[in-house]
Structures are given as C-alpha cells and as structure tokens.
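> here is my input; please provide its structure:
(chains A and B)
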Amino acid sequence: MKKFDVLEHTADAKFKAYGKDFEEAFENAAYAAVGLMYNPKLVAAVAIEKIVVHGNDREQLFYNFIEELLFLQDSKQFVFNTFLKKPKIIETNGKFKLTAELIGDEIKDEYEVRPVVKAITYNDMKISEKPLYVQFVVDI
Amino acid sequence: MCSLLLISRMEDIKLKKISDLIWQIEKTGNMNVPAVIYASEKLLEIIKGDMTLKQIANVACLPGIIKHAIALPDAHQGYGFPIGGVAAFDMDEGIISPGGVGYDINCGVRLLRTNLTFDEFTPKKTEVLNEIFERVPAGVGKKGMTKISKEELFEVLKKGARWAVEKGYGTKQDLQRTEENGEMKGADPGKVSERAVERGKPQLGTLGAGNHFVEIQKVDKIYDKETAKTFGIDKEGQITVMIHSGSRGLGHQVASDYIKKMENKYGHANLPDRDLINAPINSDLGKDYYKAMCAACNYGFANRQMIMHWTREAFAKVFGSSEGIDLVYGVCHNLAKFEKHKIDGKEREVCIHRKGATRSFGPGREEIPEVYRKIGQPILIPGSMGTASYLMVGTSKAEEISFGSTAHGAGRVMSRHAALKLKSGEQVVKDLAAKGIEIKGASWKGIAEEMPESYKDIDEVVRVSHELGIGNKVARLVPLEVMKG
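You can find the predicted model right below:
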C-alpha cells in the first residue's frame, strides 16, 4: 500500500498520507514530513525518544505530533530512523492522546539533514476517516 | 472572538479593475472591508492560480480591520493570511493573529555596502565565499553552535541586536540602521514557552535552510543617484552583501504555541482556515502573543546581527580589513506592529500585520534613521539566487495606499517538488556558473529547489511597486557569490 503522495504546492510542501487506520496514517505522515529534511534510512538507531502529545481534536493531535518531531530535531538535534513503538492513539471524551517511541540518533554530517521545515500548519489540513487519509501542509 | 468567515468559494470572488495595477475584491458576504490587489495583469494571472485571493478576502472579514486588506505584487498562498499580505486593525475593536504574522517571525533582510569594486573582488571571490561558509553555521546539528544559557537567551529576547552588539558582534551604527533599532520594546521572554526556548538555545546565530542565504552582489544599475549615494551606494560595480534569515525554531514555536492557545480559548468552528485564529489586541492572550512575538523578533534581530558580523570577519580575513563594510539597512518581513497612520485624514495608532511584506515609510517618519529621514526608508527586495535584488526607497504614497508597505521578494511560482523534477542541483550550479554566479550550499537538493525558475519575475514585482509609487527603485544588485543554508 502506498504510504503517502506529494501534492502540488507552490510555496510550501503538501502531502497526503494513507494507512489502514489513523495511527498508521500519522506514522506515514511523519516519514513524509521528515523526508523533506533527511532520509531516515541513513540515520543510526542508537537513541530513543518517547513521544506523548495531546489534542482537543484529531487535527490538533496531528499538528502536535508533527510539531514534536520538529521540536526534538531543533532542541536535541534528534533525527529518527524508525518507530520503535508505532503511534498509539487513545480517545477519551472526544479528546485525544498519542504515544509513540522513536529510535534514531543525534544529527551527524553523514545524515545530510536540511532543516527546511519551519512548522506544521493547519492550511488545507484534512483528516478524513472515509476514505482514510491525512492531508497537510508544512511551512518552508 | 473569531468572526464568521464565509468567503469559502473562489467563484464568489469578483475582481474589479480599478487601474492597470490596482484590483479590488468588493465587499461581499462577511467581508468588513474590500480587499485590494496591487499587481500587473501578468502577476495577477499568477496570483489567481492559487488560494491568494480567497485568503485575502478572508482577511477582510476579520474584526476591526480598517479600510482594506492588501495583497502585494509578490503575493502567494500562505496559511491563514496570504504571503505578501497587509492588514491594519483598530486598536480597540481589532485582533492580532499569529497566522497574520507567519511562522518565521521577523524573517528579514539586511544589506551591507563595501568599498570594494568588482575588479578588486573578483580574484578573491571564492576565497571570501569559503570564509563565509566556514563562519556562518547553517544550523544543522551541533556544528557551529553558540553555547548559551537560558538566562543569556532571555537577554537576547529582551534586547535583540543590542545584545549582539554588546557582546562584540558589530557596532552601534548597525543598530541605528536596523528597523526598530534592532530591538522591539514590547518583548517579554516570560511569555515565550519553555519549548520555544529549548528550540532557540542551540540555533542562535544560524542561517537556517530553505530560502535563507548570504549573497555577495555587485551593483548592476543605479536608478536614483542621489538616494543611492545617501545609502552608501556610489557606483555601478560596487560590491554589496545581502543576508536573509529569521528567528529560527524559536519563532516557529512561538507562532505554533499561540495558534493553539487561541484556538483552545476561542474555538475555530467558524474559521475556514484554522491558521486565521486570532485574539483581540487588548485581550490578555492578544497582549501575551504580542510580547512573545516581540521576543521572537528580537531573536531574529540578534541572529542576523551575528551572521552579519561573521560575514564582515570573512571579508576582513581575505582583504585585511572590514573598513567601509557598513550596514545600509535591515528590514523585517513578518511582524505585527503598532504604528501611527493617517486614515481618512486623521492620524491614529493601528495594529499593522505585514506577512511577507516590507515596511515602506516615506520622508520624515521618525522611525527612519536620521541619516535617511529626509529621503525615506531603505527597502530591500531580494530576488532568487540567480536573479537581481533591488534597493528601493520608501514613499509617502505607500503610507497613503498600503499602510506604508511594499513587496518583500519574488515569491515562488513553482513548487519545490516540480523544481526537483525539472533540474538537478548540479545542473543549477552549472547554469549559474555560466552566468558568473557561484553557489555554495549544504546540499544539491536545496540548491535545485531554489533554482531561479522557481520564482516570479522580480523585475516585474519591482516595476509594479515603483509605478504604483509604494516603493521606488534606487539600485539593482546582481548576485555573484551565494551561500545557501
């Protein structure tokens, strides 16, 4: 199954990520977003970072999830290789919590990281259940 | 406090031609004011190709907006507000919007003049570029990191470029020649989240990637000799340096934090685009955002001040001295500010949002450094890495029709994805070398994405600004050596 598509966007970068459920679509979206900056396959799997984010709705949860990846990259110079624990989403009274675990490494020259993504935006964001996909734009 | 915004369909937008360079979206639906687009027919066709018109019409629906929402000649689709968008809001009824400022708070440009001529510079050009590349960190990983404590960072957030000058990065004259003297007074680091601080600490004094650059240029043409001379541009062939960078992860995090705070407080059910979220200027949250935005702005000022200092050092290393390498001016692109404007004959304070727009103040404004006050504020419009940039001068006409604003750059016409398919980075470097332009970038991909073909025709953007009179041409600068982050 296709993980994501790159959609046309003049100034920034737009993606549509797929999955059998939101958890998988979020995971694929993470690869799409960081794919603009580095190739996760080049990153060594030596350090672990846990992710816990919340959202008042699925859109905010997704926004916070991508923001967390950017936060780890800027603050700890952490880039990831893969998900050690895949995203898990729990809904309680209409609010959402996502947990995941990443394995990766501190940025090194050989990872050829280009920090082009400034932020996740809500612009044109669509979190669709049927058919299941996550569409989003990152600011560059 | 969000308004109901109903301009959701492009078909609902009807454009009225006012003149060859002025177009209007008449007030319909929930628009509080009309929207105007300052563009030639050629640029308007590009603008119509994305969501810009819908986005500027949405801005016209926001509470407390005054007179009109403005899209400038380089406008293109953004998030919430379009890039190249300007709006003024009433201080009592109006709002402040993080999406109206942008994620890269105080992204901006500086121009340095030198005493060097093209002939003096040419034999040493690669050496200078390499020296700049050595000194100015792109901001990836720990390489070139300026170690700084949280307490020290708070000083940066309070003082902006003044912090950098006090630490030995540059001169007092640099401060006088920077918008806001390189220091937004309303900053409160306490309103900046711990997360933003954590992102900002390792990145101070770094260029960043994307369209950020340090570029050595040559004065190609002088249009207004007298003004050019006042700005320190004496002759064609003179070497100048342009620097483009912003407030890095700290600024981006401040924007994200306050977008979420505002939506959690006010909800977003009525917004067609959640990035349009806003708070009343005089609400606690509105005030907090302004204070945090000013702090992020100061980070951007300090950042460019440091990059500029290292650029001077690179020239000093190669040419033995940095004498005569003076800052012409530094401008901001993404900010909300409280400014006095004459509206319907009456002077009043308003909150101006400029997102991807440059302030353009005409002669006499007290905000302009004394040396330039009689002629107007210098404006810097960077092109893409293969095309010209412009030095322009602010006008009273801009104060009349665009709240003292003009364009900020070329604006993209091609997606990064499409650019990568068109040409490789290696090919772009070759093509530019044939034009006498040398590029040094962290990656081939980054260079390919920024190829000149990706951008609008800067000459056309500048022509519209000049003919409308919202920013007048002073000199045309062409690139020689470019460092991309």
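
> where is the longest helix in the chain?
All of this refers to chain A. In chain A, taking DSSP state H as the definition, the longest helix is helix A:58-76.

> my question was about chain B
Under DSSP H, chain B gives helix B:284-319 as its longest helix.

> contacts for the helix or strand following that one?
Downstream of helix B:284-319, the first helix or strand assigned by DSSP states H and E is strand B:326-332. Residues from elsewhere that reach strand B:326-332 (Cβ atoms under 8 Å, 6 or more residues apart in numbering or on different chains): B:106-113, B:161, B:170, B:173-174, B:177-180, B:182, B:231-233, B:240, B:297, B:300-301, B:304, B:308, B:354, B:358-359, B:369, B:372, B:377-380, B:391. Every residue, glycine included, has its C-beta placed from N, CA and C.

> so of the residues you listed, which ones are in strands?
Within the contacts of strand B:326-332, residues falling in strands by DSSP state E are B:108-113, B:240, B:354, B:358-359, B:378-380, B:391.

> determine which two of those are furthest apart.
B:R113 and B:R354 (25.0 Å; Cβ to Cβ).

> higher neighbour count, these two?
B:R354 (32 against 21; other Cβ atoms under 10 Å in any protein chain shown).

> hang on, B:L420 packs against B:G446?
No. B:L420 lies out of contact with B:G446 (Cβ atoms under 8 Å); the separation is 10.3 Å.

> just the buried residues of the contacts of strand B:326-332.
Burial by neighbour count, 16 or more other Cβ atoms under 10 Å in any protein chain shown: within these this picks out B:106-113, B:161, B:170, B:174, B:177-180, B:182, B:231-233, B:240, B:297, B:300-301, B:304, B:308, B:354, B:358-359, B:369, B:372, B:377-380, B:391.

> now do the helices in chain A.
A:22-35, A:58-76.

> using JSON lines, lay out those together with mean pLDDT and distance to chain B.
JSON lines is the format used below for the helices of chain A (pLDDT from 0 to 100; distance: least, Cβ to the nearest Cβ, whole Å):
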{"stretch": "helix A:22-35", "mean pLDDT": "98", "distance to chain B": "11"}
{"stretch": "helix A:58-76", "mean pLDDT": "97", "distance to chain B": "4"}
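
> could I get those as JSON lines with mean neighbour count?
What follows is those, written out as JSON lines (neighbours: other Cβ atoms under 10 Å in any protein chain shown):
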{"stretch": "helix A:22-35", "mean neighbour count": "21"}
{"stretch": "helix A:58-76", "mean neighbour count": "22"}
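
> looking at those, which is nearest to A:T82?
Evaluated over those, closeness to A:T82 peaks at helix A:22-35, with 9.2 Å, by Cβ to Cβ.

> which helices and strands does the closest one pack with?
Judged by 3 or more Cβ pairs under 8 Å, 6 or more residues apart in numbering or on different chains; DSSP states H and E, helix A:22-35 is in contact with strand A:4-7, strand A:13-18, helix A:58-76, strand A:78-92, strand A:133-139.

> hmm, back to that, in CSV: the helices of chain A, plus distance to A:K118.
Shown next, in CSV, are the helices of chain A (distance: least, Cβ to Cβ, whole Å):
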stretch, distance to A:K118
helix A:22-35, 12
helix A:58-76, 8
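
> for A:V138, which of those helices is the nearest?
Between A:V138 and the helices of chain A, the shortest gap by Cβ to Cβ is with helix A:22-35, which sits at 5.8 Å.

> can you show me the CA trace of the closest one as PDB?
C-alpha atoms of helix A:22-35 as PDB (Å, rounded to 0.1, in the frame of the first residue of the first chain):
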ATOM      1  CA  PHE A  22      -5.100   6.900  11.700                       C
ATOM      2  CA  GLU A  23      -2.200   5.500  13.700                       C
ATOM      3  CA  GLU A  24      -0.600   4.200  10.500                       C
ATOM      4  CA  ALA A  25      -1.500   7.300   8.500                       C
ATOM      5  CA  PHE A  26       0.100   9.500  11.200                       C
ATOM      6  CA  GLU A  27       3.200   7.300  11.000                       C
ATOM      7  CA  ASN A  28       3.400   7.600   7.200                       C
ATOM      8  CA  ALA A  29       2.800  11.400   7.500                       C
ATOM      9  CA  ALA A  30       5.800  11.600   9.900                       C
ATOM     10  CA  TYR A  31       8.000  10.000   7.200                       C
ATOM     11  CA  ALA A  32       6.600  12.300   4.600                       C
ATOM     12  CA  ALA A  33       7.400  15.400   6.700                       C
ATOM     13  CA  VAL A  34      10.900  14.500   7.700                       C
ATOM     14  CA  GLY A  35      11.600  13.200   4.200                       C
END
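
> nice, that's everything, thank you.
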